[in-house]
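A.B. asks: Provided below are the primary sequence and the corresponding predicted coordinates.
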Amino acid sequence: MKKVEIFDPAMCCSTGVCGPVVDPDLTRIASAVYSLEKKGFQIDRYNLSNDPSAFVENQKVNQALADGGPDALPLVLVDGEIVKTSEYPSNDELAQWFGTTPSELQEKPRVRVSVEFGK
């Protein structure tokens, strides 16, 4: 089974829905990763803000950052090899790597929000 690792630039969250402008590419990749994880595929994301050790400990990622700086991110590894820099993989690429279809990568995470009124 393939292992995919996505190394994100520093950001406050991986969903793309925080901040003043929603990034559609981040929401797409968040949905794809969620869908793949639910199907039992091995896909990991590392955020430079939250997981700096993952960037330092991986020699290939560390070297890509030394060579290209932060513009190398996002960076994607498949089975330990760099396959993409400076952009997220498309749903077609993810589907090809995992032997699934792009339409299976669009499930949205469901989050429950509770609101309390006056106490």
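C.D. replies: On my side now, so go ahead.
A.B. asks: helix/strand/coil for residue 107?
C.D. replies: Classification of residue 107 by DSSP: H, G, I helix; E, B strand; the rest coil places it in coil.
A.B. asks: Tell me, how many residues neighbour residue 44?
C.D. replies: 14 (other Cβ atoms under 10 Å). Yep, even glycine has a C-beta here, placed from its N, CA and C like the rest.
A.B. asks: I'd like to know how far the nearest residue to it once chain neighbours are set aside sits from residue 84.
C.D. replies: Setting aside the residues directly before and after it, residue 44 is nearest to residue 5 in space (Cβ to Cβ, 6 or more residues apart in numbering), at 5.0 Å. Distance from residue 5 to residue 84, counting by Cβ to Cβ, to the nearest Å: 11 Å.
A.B. asks: Between these two, tell me which one has more neighbours.
C.D. replies: Counting neighbours by other Cβ under 10 Å for residue 5 and for residue 84 shows that residue 5 has the greater number, 19 against 15.
A.B. asks: Averaged pLDDT, the lengthiest helix in the chain. What do you get?
C.D. replies: In the chain, taking DSSP state H as the definition, the longest helix is helix 24-38. For helix 24-38, mean pLDDT is 92.
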